[in-house]
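Peer 1: Got a sequence here, can you build the structure:
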Amino acid sequence: MSWKVVKLGELIENFSVKAKDYDVDVSSLEFFGVSNTEGITKSKYAAEEKANDYKIMEKGCFAYNPYRINVGSIAMQNEDVVGLISPAYVVFKVKERSIIPELLLKFLKSSEGLRQIKLHARGTVRQALRLSDLCEIKIALPDYNEQLEFYKAISETEIESNLLSTELTHQLDTVKKLRQAFLREAMQGKLTADWRMLRQAQQPPIEPASELLKRIKAEKEQLIKEKKIRKPKPLLPVEREDEPFTIPKHWLWCRLGDISYITSGSTPKSTAFVDEGIPYLKMYNLRNQKIDFFYKPQYIKEEVHNGQLKRCRAYPGDVIMNIVGPPLGKIAIIPESLPECNFNQAAVLIRPIKLEMNKYIFWYLNEMSEIDAVETKGVAGQNNISVTQAHNMRIPLPPLSEQKAIVAKLDELMTYCDSLEENIKNSQTQNEMLLGQVLREALEPKEITVKEEV
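Peer 2: Numbers count the residues shown, from 1 in each chain. A predicted model of the protein is given here:
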């Protein structure tokens with residue numbers, strides 16, 4: 001292909017036609033805007049009373065806001081529809097057989113196009129790119145007939161890339177469903193069926209969960225007697241008709257509050273926050289079901305932690321669950337790296353009476369069926385779980401030894417899912433990089449000799 005470098009001023013022409021100068025009934029036209037992600041969109045903020053002063057957008061028109069084109073906010077009207085767009089927008093068309101319009105749009109949204117947009121934009125505080133500035137941008141092109149072949153090849157590559165991207169997204173969704181299937185089977189006792197068969201042939205026999213619950217209740221009563229935890233309100237047993245699914249005979253259903261100390265967080269006054277002190281968790285610190293304290297870390301005074309917020313002090317091994325959404329279901333275990341911390345009112349702390357049950361409780365809550373079953377009420381689009389509802393959550397209770405077997409199996413299976421996810425995401429990144437490289441090489445040819453028009 002023979003390429004030459006030209007300025008966009010040779011390829012495009014202004015299309016600044018006001019509605020009052022266009023032979024059309026403006027009351028029948030849609031108002032348009034431009035999004036850097038969605039292209040041409042219907043505008044929600046049009047001044048309808050000034051419709052006659054708006055510009056016409058017809059098929060083949062490009063439009064951009066001079067102050068937002070630097071973030072890729074430029075689009076082309078592909079539909080055979082006439083509409084209106086704010087007079088603040090720049091509107092233009094390509095000259096006949098000068099450049100394929102879709103190719104120009106790809107260039108202006110490419111890294112090279114954005115680089116030149118920023119280079120030619122005017123202003124210091126807020127830069128703007130006028131049409132005259134746009135016309136100064138340079139592009140390397142073959143002649144029009146060669147562009148057609150060139151654009152066809154790019155389009156075919158994009159189609160293949162998009163098909164692969166769709167398949168990889170489907171694979172990620174499949175892995176997500178696989179995780180939930182593993183969790184569901186674990187909480188129904190299906191993952192440990194072989195473990196139980198082996199244990200039945202051994203001595204001593206598996207202790208029923210009812211014995212574990214007796215010991216937990218005794219330990220809880222002692223903690224209440226020692227005034228280490230508050231005495232909670234009595235919880236109703238889980239009746240058979242309320243059991244959400246079938247569990248092995250030696251398990252039993254109980255309430256989360258039966259086996260845990262549960263308390264809500266609190267938010268102190270702004271004067272409680274300091275540059276160094278006790279780590280204070282907000283819900284954005286619960287990331288990917290782990291605590292990421294150093295993502296926007298905050299600290300509170302030690303005297304506030306031990307005074308006003310004494311009841312919501314958190315320690316390693318405690319389970320934290322958000323109770324304000326959406327989304328609900330952000331759950332994490334306080335790590336050893338936070339010997340002591342506190343948290344805000346958008347979460348509850350769940351401290352098992354037997355701390356070694358924390359990982360089992362963590363995985364059960366991640367299974368989501370009980371969280372989804374809670375009747376959440378909120379305002380302004382928020383879903384809330386109350387502390388009382390958290391206490392009353394149903395949970396299947398296996399013997400302690402089987403809980404450990406469940407956790408070990410889930411740790412293994414989730415590591416497998418993590419590996420699958422990482423491989424798929426790597427493939428997504430490679431696919432995006434390869435498509436990006438194809439477009440860069442197409443729009444920014446490096447290994448050809450180009451002739452710049454004077």
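
Peer 1: rest of the way, CA atoms for contacts and neighbours
Peer 2: Noted.

Peer 1: care to break the protein down by domain?
Peer 2: According to automatic domain parsing, the chain comprises the domains 4-141, 142-198+399-454, 208-398.

Peer 1: what mean pLDDT would you report for the helix or strand encompassing residue 428?
Peer 2: Taking DSSP states H and E as the definition, one finds residue 428 inside helix 400-443. Across helix 400-443, pLDDT averages out at 90.

Peer 1: Same check on stretch 112-126?
Peer 2: Here the average pLDDT along stretch 112-126 is 89.

Peer 1: can you list the residues that contact that stretch?
Peer 2: 67, 69-72, 107-108, 127-130, 133-134, 136-138, 440, 443-444 (C-alpha atoms under 8 Å, 6 or more residues apart in numbering).

Peer 1: Could you do stretch 47-61 as well?
Peer 2: 15-20, 22, 26, 76-87, 91-94, 101.

Peer 1: Mind checking which of the residues you listed are in helices?
Peer 2: By the criterion of DSSP state H, membership of the contacts of stretch 47-61 in helices covers residue 101.

Peer 1: Can you tell me which of the contacts of stretch 47-61 are buried?
Peer 2: 15-19, 26, 76-77, 82-87, 91-94, 101 (16 or more other C-alpha atoms under 10 Å).

Peer 1: When you filter the contacts of stretch 112-126 down to buried only, what's left?
Peer 2: 67, 69-70, 72, 107-108, 127-130, 133-134, 136-138, 440, 443-444.

Peer 1: Quick one: mark the members of those residues that sit in strands.
Peer 2: residue 138 (DSSP state E).

Peer 1: which of the residues in stretch 233-251 are buried?
Peer 2: 238, 247, 251.

Peer 1: you'd agree the first one is in a helix?
Peer 2: No - the secondary structure assignment for residue 238 gives coil rather than a helix, going by DSSP: H, G, I helix; E, B strand; the rest coil.

Peer 1: Quick check: it vs residue 254, distance?
Peer 2: In this view, residue 238 and residue 254 are 6 Å apart by C-alpha to C-alpha, to the nearest Å.

Peer 1: For residue 439, see how far away the spatially closest residue to residue 94 that is not a sequence neighbour is.
Peer 2: Excluding the flanking residues, the one nearest residue 94 by C-alpha to C-alpha, 6 or more residues apart in numbering is residue 12, at 4.1 Å. Distance, residue 12 to residue 439, by C-alpha to C-alpha: 22 Å.

Peer 1: Same check on residue 394?
Peer 2: Separation of residue 394 from residue 439 (C-alpha to C-alpha): 54 Å.

Peer 1: Neighbour count for the two, which is higher?
Peer 2: residue 394 (23 against 19; other C-alpha atoms under 10 Å).

Peer 1: confidence score at that one?
Peer 2: For residue 394, the pLDDT comes out at 97.

Peer 1: In the sheet, which residues pair with it? Tell me.
Peer 2: With DSSP bridges as the criterion, residue 394 is bridged to residue 255.

Peer 1: In this structure it contacts residue 256, no?
Peer 2: Yes - Residue 394 is in contact with residue 256 according to C-alpha atoms under 8 Å; the separation is 6.1 Å.

Peer 1: burial count for residue 197?
Peer 2: Around residue 197 there are 10 residues (other C-alpha under 10 Å).

Peer 1: need the contact list for residue 70.
Peer 2: Contacts of residue 70 (C-alpha under 8 Å, 6+ apart): 114, 117, 118.

Peer 1: In helices, which of the residues you listed appear?
Peer 2: 114, 117, 118.

Peer 1: top of those by neighbour count?
Peer 2: Busiest of the ones in helices among the contacts of residue 70 [other C-alpha under 10 Å] is residue 117, holding 23 neighbours.

Peer 1: so how far is residue 265 from residue 284?
Peer 2: From residue 284 to residue 265 the distance is 14 Å (C-alpha to C-alpha).

Peer 1: Neighbour count for the two, which is higher?
Peer 2: residue 265 (23 against 13).

Peer 1: Just confirm the more buried one contacts residue 346, I think it does.
Peer 2: Yes - proximity of residue 265 to residue 346 meets the contact threshold set by C-alpha under 8 Å, at 6.8 Å.

Peer 1: Just give me the neighbour total for residue 174.
Peer 2: 13.

Peer 1: That one belongs to a helix, doesn't it?
Peer 2: Yes - under three-state DSSP, residue 174 sits within a helix.

Peer 1: Just give me the closest of the ones in helices among the contacts of residue 70 to residue 188.
Peer 2: Proximity of the ones in helices among the contacts of residue 70 to residue 188, judged by C-alpha to C-alpha, is greatest for residue 114, which lies at 54.5 Å.
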